[in-house]
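In: my questions concern the predicted model and sequence given below.
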Amino acid sequence: MSVTTTIDAKVARITLDNPDKRNAFDDRIIASLTEAFETVGSDDSVRVVVLQAAGKHFSAGADLNWMRAMGKLDARQNQDDALRLARLMQGIDQCPKPVIARVQGAAFGGALGLICAADMAVAADNARFCLSEVKLGIIPAVISPYVVRALGPRQANRYFMTAEVIPAQRAMQLGIAHEVVPEAQLDESVDQLVSALLSGGPQAQIEARNLIERVKTGAIDQAMLNDTAERIARLRTGSEGQEGLSAFLEKRTPNWR
Ligand code: ACO
């Protein structure tokens with residue numbers, strides 16, 4: 001099995017499980033990952049998704065044998081295949097449940113896309129990241145919307161072009177990882193995030209993510225004021241908002257906990 005999914009106590013853990021190939025992903029693994037995210041995304045018993053990997057390394061990115069072979073397909077098939085990886089990244093980014101990436105060891109190439117498409121990432125202090133594509137004569141194309149969102153264009157410019165290896169602490173400064181901890185504390189740190197996520201309203205969390213996408217660009221003009229006002233007006237009259245506000249005022253636990 002190259003991708004496994006377990007669900008326990010409202011947490012789905014999707015595991016890249018091909019450590020002999022450093023969890024490099026080909027078309028088959030991309031299809032399995034896409035399906036795994038679709039499945040947990042629509043599973044009402046799941047509140048949080050953890051994307052993790054077996055072995056010493058998170059992932060060596062795209063399988064280079066597959067990349068080379070795809071380049072020999074006709075233009076249409078080549079494009080369609082690349083689009084499937086783009087759709088995987090979008091599926092993680094838009095997963096209806098919060099996604100935490102748990103990263104140890106190397107996370108190269110496309111692996112950085114998986115991590116930056118997740119809502120948050122916890123890295124072991126041995127983690128190292130690299131946008132190695134240019135060394136292979138290619139570019140970090142389908143992952144770029146998520147990586148540039150995390151790094152910002154100026155830092156992305158450097159690391160896209162130099163393919164320097166980024167150590168864990170630097171990755172945290174750059175916005176790739178939210179936390180860096182000793183590897184032995186990786187699970188504990190992920191559990192802390194899981195616990196924090198379980199305390200929030202599930203709909204509110206996804207609305208919060210959508211809100212950030214809306215406000216991160218664009219003028220703070222009347223349209224922005226109207227939009228943000230509409231969002232809070234809608235959320236506080238919704239059943240989840242009413243439940244959360246009432247639970248606080250009535251000194252009880254909200255029904256999603
Ligand atoms: N694709 C296919 N096979 C891979 C890949 C990959 N991306 N990465 C590693 N492997 C294979 C190796 O060929 C090797 O196979 P073998 O046992 O049959 O010889 C095996 O995995 C182990 O690889 P090592 O390099 O020996 O592992 P090590 O632990 O020393 O290093 C590391 C791990 C740093 C991840 C290294 O393998 C590496 O640099 N891989 C390439 C990473 C890369 O540049 N990825 C970007 C791909 S492009 C993209 O994602 C769009």
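Out: Looks like it came in fine.

In: not counting its neighbours along the chain, what's nearest residue 4?
Out: residue 15 (4.8 Å; CB to CB, 6 or more residues apart in numbering). The way it works is simple: take the backbone N, C-alpha and C, and place the C-beta from them, glycine included.

In: by contact count, what packs against the helix or strand harbouring that neighbour?
Out: When elements are assigned from DSSP states H and E, residue 15 belongs to strand 11-16. When contacts are defined as 3 or more CB pairs under 8 Å, 6 or more residues apart in numbering; DSSP states H and E, strand 11-16 sits against strand 3-8, helix 27-41, strand 48-53.

In: ok, 6 Å please
Out: strand 3-8, strand 48-53 (3 or more CB pairs under 6 Å, 6 or more residues apart in numbering; DSSP states H and E).

In: what is the mean pLDDT for the host helix or strand of residue 69?
Out: According to DSSP H and E, residue 69 maps onto helix 64-70. Mean per-residue pLDDT for helix 64-70: 91.

In: next, the angle strand 48-53 makes with the very next helix or strand once past it.
Out: For helix 64-70, the following helix or strand on the C-terminal side (DSSP H and E) is helix 75-93. Orientation check (axes from the mean of the first three to the mean of the last three CA atoms, to 10 degrees): helix 75-93 against strand 48-53 gives 130 degrees.

In: walking through the stretch 151-257 of the chain, point out its helices one by one.
Out: 153-162, 168-174, 186-198, 202-215, 222-237, 239-249 (DSSP state H, counting those that start in this stretch).

In: for this protein, what lies in contact range of the ligand?
Out: 21-22, 24, 57, 60-65, 106, 108-110, 132-133, 136 (CB under 6 Å from any ligand atom).

In: at 8 Å instead, please
Out: By the rule CB under 8 Å from any ligand atom, the part of the chain lying against the ligand is 20-22, 24, 56-57, 59-67, 85, 105-106, 108-111, 113, 128, 130, 132-133, 135-136, 138, 140-141, 143.

In: can I have the buried ones of those as a PyMOL selection?
Out: Buried subset of these, written as a PyMOL selection, criterion 16 or more other CB atoms under 10 Å:
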select buried, resi 21+22+24+57+59+60+61+62+63+66+67+85+105+106+108+109+110+111+113+128+130+132+133+140+143
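
In: list the contacts of stretch 35-50.
Out: For stretch 35-50, the external contacting residues (CB atoms under 6 Å, 6 or more residues apart in numbering) are 3, 5, 7, 10-14, 91-92, 95-100, 102, 190, 194, 197-198.

In: buried among these? Need that as a selection in PyMOL.
Out: Of the contacts of stretch 35-50, the buried ones can be selected in PyMOL as follows, counting by 16+ other CB under 10 Å:
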select buried, resi 3+5+10+11+12+13+14+91+92+95+96+97+98+99+100+102+190+194+197+198
